[in-house]
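Novice: Give me a model of this one.
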Amino acid sequence: MTWTSIQIKSKMCKVLQWNTQSLMANKPDLSHFLSKQQHLSNLICVQETYLKNNHSFQLAGYNVEHADHHQSQGGGVATLIKQGLQYTRMAKPTSMESVIIKLKMELSDIIIINVYDSPDNQVDETSYRQLFFRAFIVMPSY
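Specialist: Numbering: from 1, shown residues only. From the prediction side, this is the model:
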């Protein structure tokens, strides 16, 4: 399991990014980490969830939106949105493993794109341009 120390804090939004390498197996670690935080993240962007269509993932205090990897083992992304926040899941313009969330905030909406691109995958530049066609915050998976 690898935690990437990317946290974006503002008056409006706190985002945590985590490449989990199996969200179900590492759920206790996530719960423990969150229990130690003074303020919960508004969003948690997770890559390599390893979730499949038959898996249901829930975490107290969060709504979960996920996109699963269908070709083989691994992959997948999930965006956990703190309950009480208004958001819309937006349609993906490409087949890339991604979840796009439009988060309603006080001053303006924020679009968050959570994407995982396997090192074995060859995605062309056009797919990235289609995905990132407007203002966004990138949550990279290292």
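Novice: Where does pLDDT dip in the chain?
Specialist: 1-12, 54, 70-72, 134-142 (pLDDT under 70).
Novice: Just give me the longest helix of it.
Specialist: Criterion DSSP state H: the longest helix present in the chain is helix 27-35.
Novice: Buried residues, that helix. List them.
Specialist: Judged by neighbour count (16 or more other CB atoms under 10 Å), helix 27-35 contains these buried residues: 30, 34. For glycine as for every other residue, the C-beta is placed from the backbone atoms N, C-alpha and C.
Novice: Also stretch 125-133?
Specialist: 127, 131.
Novice: Show residues contacting it.
Specialist: 92, 93, 94, 95, 96, 98, 100, 113, 115, 138 (CB atoms under 8 Å, 6 or more residues apart in numbering).
Novice: can you redo those as TSV with neighbour count?
Specialist: Output for these, formatted as TSV (neighbours: other CB atoms under 10 Å):
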residue	neighbour count
92	16
93	14
94	15
95	10
96	18
98	21
100	21
113	22
115	25
138	12
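Novice: Quick one: residues in contact with the helix or strand that comes right after the longest helix of the chain.
Specialist: Next along the chain after helix 27-35, taking DSSP states H and E as the criterion, comes strand 43-47. For strand 43-47, contacts defined as CB under 8 Å, 6+ apart pick out 13-20, 23, 30, 62, 76-82, 101, 103, 112, 114-116, 139, 141.
Novice: helix/strand/coil for the residue in the chain sticking out farthest from the centre?
Specialist: Of all residues in the chain, residue 107 has its C-alpha farthest from the mean position, at 22.5 Å, by CA atoms, centre = their mean. Put simply, residue 107 is coil when judged by DSSP: H, G, I helix; E, B strand; the rest coil.
Novice: Quick check: bridge partners of the residue nearest the centre of the chain?
Specialist: Geometric centre of the chain, nearest residue: residue 45, 2.6 Å, by CA atoms, centre = their mean. Under the criterion DSSP bridges, residue 45 forms beta bridges with residue 17, residue 79.
Novice: roughly how far apart are it and residue 62?
Specialist: 12 Å (CB to CB, to the nearest Å).
Novice: pretty sure residue 101 belongs to a strand, no?
Specialist: Yes. Residue 101 forms part of a strand when assessed by three-state DSSP.
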